[in-house]
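[1] sharing a model that was predicted from the sequence below.
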Amino acid sequence: MINIAVLDDESYLVKEYERHINLWIEKNELDGNLILATTSPDKFIDIVSSKLVNVFIIDINLRKSTNGMYIAKQIRKVNSACEIIFLTGCLEYIQQAFDVHAYQFIPKPGLDALKRTLITLSREKLMHRKKCIDIKCGSQVFFVPISEITYIEHLRNKTVVYTIDSEYSTYEGLENLVKRINDTRFKRCHRSIFININYLHCLDIKNKNLILKNGVSCSIGHKYCSSYKIQENWRDFLCL
């Protein structure tokens with residue numbers, strides 16, 4: 001699914017984008033929604049923080065106290081999995097678009113190009129849907145890339161999913177969530193913890209801890225120490 005937000009400083013263009021994008025979604029049966037179309041950088045940044053949007057369409061020259069390239073850089077700091085599309089007349093920023101890993105750079109007015117881009121992007125997201133897991137957090141459902149999950153832990157009455165740059169708390173049971181993820185990269189090291197072995201950095205045999213690449217330490221439960229005999233055959237544990 002593509003959830004879209006649009007930022008442009010021209011109110012008439014915002015209305016045009018809103019009308020066209022909703023029409024494209026309907027006519028082409030795209031799996032997507034237009035979440036926000038605005039002239040306000042502040043409202044746009046708020047929706048970035050919510051993690052509800054995974055496709056951002058941005059004008060660069062906003063004629064305000066900030067510009068679209070700066071906002072794109074802020075997006076990348078908090079959301080590495082989203083797609084950024086620049087729809088702008090500022091062609092001199094093409095090179096900088098590579099720095100924020102933009103999906104597309106479209107010169108204005110560019111409505112036909114934007115339509116093709118959104119259709120292509122929707123199909124790509126549909127093809128790769130199985131690579132994400134939906135996590136219900138309160139009244140919101142987040143679509144989290146499985147490859148970005150570092151570990152999953154049951155804390156009190158919730159399951160917490162930790163990713164490269166975020167965490168998500170859900171009432172779904174730990175084992176049920178891992179079962180739905182259905183990925184061999186996730187290994188149990190404790191009755192309340194599964195780690196993604198792609199993020200494993202160090203095995204502390206003495207203290208019976210697994211150290212992840214981000215510095216997080218995960219305990220190895222007593223049951224798993226005896227089962228895998230990690231002090232003698234620690235390679236067995238990593239290969240399970």
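    Arrived safely.
[2] could you tell me the phi and psi values at the residue nearest the centre of the chain?
    Nearest to the mean C-alpha position of the chain, by CA atoms, centre = their mean, lies residue 81 at 3.8 Å. Backbone dihedrals for residue 81, given as degrees, to the nearest 10, come out at phi -100, psi -10.
[3] swap in residue 74?
    phi -70, psi -40.
[4] for it, grab the count of nearby residues.
    Residue 74: 16 surrounding residues under other CB atoms under 10 Å. In short, each C-beta sits where N, CA and C put it, glycine included.
[5] now do the helices in the protein.
    Remark: helices assigned in the chain by DSSP state H are 11-27, 41-50, 68-78, 94-99, 111-127, 174-181, 222-228, 230-239.
[6] which one of these lies closest to residue 206?
    For the helices of the chain, the distance to residue 206 is smallest for helix 230-239, at 8.8 Å, taking CB to CB.
[7] so for the closest one, what's the average pLDDT?
    For helix 230-239, the mean per-residue pLDDT is 45.
[8] can you check stretch 153-160 too?
    95.
[9] and that stretch, which residues are buried?
    Residues of stretch 153-160 classed as buried by neighbour count (16 or more other CB atoms under 10 Å): 153-154, 159.
[10] any chance of a markdown table for those residues, columns distance to residue 59?
    Formatted as a markdown table, those follow (distance: CB to CB, whole Å):
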| residue | distance to residue 59 |
| --- | --- |
| 153 | 41 |
| 154 | 44 |
| 159 | 40 |
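[11] follow-up on the earlier one: figure out which of the helices of the chain is closest to residue 167.
    helix 68-78 (12.5 Å).
[12] pretty sure the residue nearest to the centre of the chain contacts residue 145?
    Yes. Residue 81 is in contact with residue 145 according to CB atoms under 8 Å; the separation is 4.9 Å.
[13] ok so, going back, so for residue 213, which of the helices of the chain sits nearest?
    Here helix 230-239 is closest among those (CB to CB), at 14.3 Å.
[14] measure the residue lying closest to residue 11 once chain neighbours are set aside to residue 102 for me?
    Leaving out its chain neighbours, the residue that sits closest to residue 11 by CB to CB, 6 or more residues apart in numbering is residue 39, at 5.4 Å. Residue 39 is 21 Å from residue 102, where distance means CB to CB, to the nearest Å.
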